[in-house]
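Peer 1: Quick one, fold the following:
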Amino acid sequence: MVVADLHAHTTNSDGTLTLSGLVEAAGEAGLDAVAVTDHDRLHPAVDEPVARRGDVTLVHGIELRVAAGEQRVDLLGYGVRETDALAEECARLQRDRQERARAIVECLEERLDVSVPIEPGPGVGRPHVARAVAEVTDRSVQDVFDEFIGDDGPCYVARDVPSFERGRDLLAGSCALVGLAHPLRYPDPEAALALCDSLDAVERAYPYEGTVDPAPVDEAIETHDLVPTGGSDAHGEELGLAGLDEAEWERIRERLSV
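Peer 2: This next block holds a predicted model:
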């Protein structure tokens, strides 16, 4: 039984729920704990590494995109205490996100001959742009990704992200626990899992599309003595699709000292 969903997003990045909505959804899903892990951004309404909101434990986290050799991967930091270095990097990443979103919108407007109803601002990402395009065309959000703004699309614009080493060090200096997100989603899962030799944790429970073999993740956990984490990577209102059972959450609680 899932009692903790440690991977969820809010309107602070590209989720659809506010922070209070996320906590409410966690309670409705019967969860004891939820982590807010917005992309490249700390949540301004959370000023403690771990907080109690009603009957739900709220873990302050972050999902940070980093460059690791031939691919980019995501790191999850839990129990954040903001440092100047992390705050400065997040601010830089948000400026880059805004410039990127603006370039993507301009490309889409030229190709589709429409005015995309969105103003690139803090936290804006491709999902926001895709939703805005869907509002003024007959294309779905998935169509926009598939045809235009996916990683191989004509309107895709790469982001300027930190190296794996820098991202890991920034999170290690501010978080109680640092792990690799959804390791089996990357083009080269083996290379991604090799990064775990300098991390604390790895996301084992995740709602992958289709059937995946968790054996490589379990091997990495054993080899590097990692803490297994898990979450639904929720961008909408449904939580608990993946996560931790009571014993697994208790191990995380110990690392977060709560």
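Peer 1: So which residues make contact with whichever strand or helix holds Asp169?
Peer 2: Secondary structure from DSSP states H and E places Asp169 in helix 164-172. Helix 164-172 is contacted from outside by 62, 64-68, 73, 75, 77, 83, 85-86, 89, 161-162, 178, 195, 198-199, using Cβ atoms under 8 Å, 6 or more residues apart in numbering. For the C-beta atoms, the positions are set from N, CA and C on the backbone; glycine is no exception.
Peer 1: likewise stretch 194-213?
Peer 2: With Cβ under 8 Å, 6+ apart, stretch 194-213 has contacts from 2, 7, 68, 73, 75-76, 78, 164, 168, 177-185, 193, 214, 217-218, 220-221, 223-224, 226-233, 241-244, 255.
Peer 1: If we use 7 Å, what do you get?
Peer 2: Stretch 194-213 has contacts (Cβ atoms under 7 Å, 6 or more residues apart in numbering) with 7, 68, 73, 76, 164, 168, 177-185, 214, 217, 220-221, 224, 226-233, 241-244.
Peer 1: can you map out the strands along the stretch 51-200 of the chain?
Peer 2: 56-68, 71-78, 177-180 (DSSP state E, counting those that start in this stretch).
Peer 1: ok and the longest one relative to helix 164-172, angle-wise?
Peer 2: When you say that, I think you mean strand 56-68. Counting by axes from the mean of the first three to the mean of the last three Cα atoms, to 10 degrees, strand 56-68 lies at 160 degrees to helix 164-172.
Peer 1: got the angle for strand 56-68 vs strand 71-78?
Peer 2: Using the same axes, to 10 degrees: strand 56-68 against strand 71-78 is 150 degrees.
Peer 1: roughly how far is strand 56-68 from the heart of the chain?
Peer 2: 6 Å (Cα atoms, centre = their mean, to the nearest Å).
Peer 1: Which strands or helices does that strand pack on?
Peer 2: helix 19-28, strand 33-36, strand 50-53, strand 71-78, helix 164-172 (3 or more Cβ pairs under 7 Å, 6 or more residues apart in numbering; DSSP states H and E).
Peer 1: Where does the prediction get shaky in the chain?
Peer 2: 258 (pLDDT under 70).
Peer 1: okay, now the domains of it?
Peer 2: For the chain, the structural domains run 4-81+175-256, 89-149, going by automatic domain parsing.
Peer 1: Between the two ends of the longest one, how far is it?
Peer 2: One end of domain 4-81+175-256 to the other measures 14 Å (Cα to Cα, to the nearest Å).
Peer 1: same question, the shortest one
Peer 2: This stretch, domain 89-149, spans 25 Å end to end (Cα to Cα).
Peer 1: Mind listing what's buried along stretch 36-47?
Peer 2: Neighbour counts over stretch 36-47 (16 or more other Cβ atoms under 10 Å) mark 36-43, 46 as buried.
Peer 1: Which one, of the helices and strands packed on strand 56-68, ends up nearest to Gly125?
Peer 2: For the helices and strands packed on strand 56-68, proximity to Gly125 was assessed by Cβ to Cβ; strand 71-78 is nearest, at 12.9 Å.
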